[in-house]
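J.: sequence below, structure please.
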Amino acid sequence: MASTKIINVLKSDTFEEVFELFKSAEAEEVIFIIPKGSRLAKSAQYFEAIGLEAERSGRRVSVMSSDPAVAKFATQNNLEILTQPEPRAKQARPSHQS
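T.: This next block holds a predicted model:
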């Protein structure tokens with residue numbers, strides 16, 4: 001069994017598509033990357049199903065998303081939340097004057 005599987009969810013992906021990928025993943029850990037405004041953010045039941053499947057299969061599940069609804073649903077279902085790195089501030093470049 002591979003150790004980690006990353007599932008990049010698209011905004012248009014249905015729960016059924018994502019859940020099937022999750023169930024068939026041969027990994028001890030699954031990381032979902034879910035964009036803001038994803039269909040998955042529409043229902044807490046989706047995250048409940050993922051949490052139950054994770055428990056049943058003994059897999060660790062983490063979620064990364066900038067969507068507050070996703071974070072809320074994931075936390076309510078004991079899924080780990082991974083924080084996204086802060087974007088680096090662009091440093092001003094010195095101007096070359098003659």
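J.: CA atoms for contacts and neighbours, from now on please.
T.: OK.
J.: hey, C-alpha coordinates of the helix-or-strand element of the chain with minimal mean pLDDT in PDB?
T.: Across the helices and strands of the chain, mean confidence by mean pLDDT, DSSP states H and E is lowest for strand 2-8: a mean of 89. Output of strand 2-8 as PDB, limited to C-alpha atoms (Å, rounded to 0.1, in the frame of the first residue of the first chain):
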ATOM      1  CA  ALA A   2       1.400   3.400  -1.000                       C
ATOM      2  CA  SER A   3       1.900   5.700   2.000                       C
ATOM      3  CA  THR A   4       0.200   8.900   0.700                       C
ATOM      4  CA  LYS A   5      -2.300   9.700  -2.000                       C
ATOM      5  CA  ILE A   6      -3.200  13.300  -2.900                       C
ATOM      6  CA  ILE A   7      -6.600  14.000  -4.400                       C
ATOM      7  CA  ASN A   8      -6.800  17.400  -6.200                       C
END
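J.: next, the buried residues of that strand.
T.: Thr4, Lys5, Ile6, Ile7 (16 or more other C-alpha atoms under 10 Å).
J.: contacting residues for the second one?
T.: So that's Lys5. Residues near Lys5 by C-alpha atoms under 8 Å, 6 or more residues apart in numbering: Ala25, Glu26, Ala27, Glu29, Val30, Ile31.
J.: verify the stated contact: Ile31 with Val61.
T.: Yes. Between Ile31 and Val61 there is a contact at 5.8 Å, judged by C-alpha atoms under 8 Å.
J.: which of the two has more neighbours?
T.: Val61 (24 against 20; other C-alpha atoms under 10 Å).
J.: contacts only, for the more buried one.
T.: Glu29, Val30, Ile31, Phe32, Gly51, Ala54, Leu79, Glu80.
J.: kindly reformat those as TSV containing secondary structure.
T.: Shown next, in TSV, are those (DSSP: H, G, I helix; E, B strand; the rest coil):
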residue	secondary structure
Glu29	strand
Val30	strand
Ile31	strand
Phe32	strand
Gly51	helix
Ala54	helix
Leu79	coil
Glu80	strand
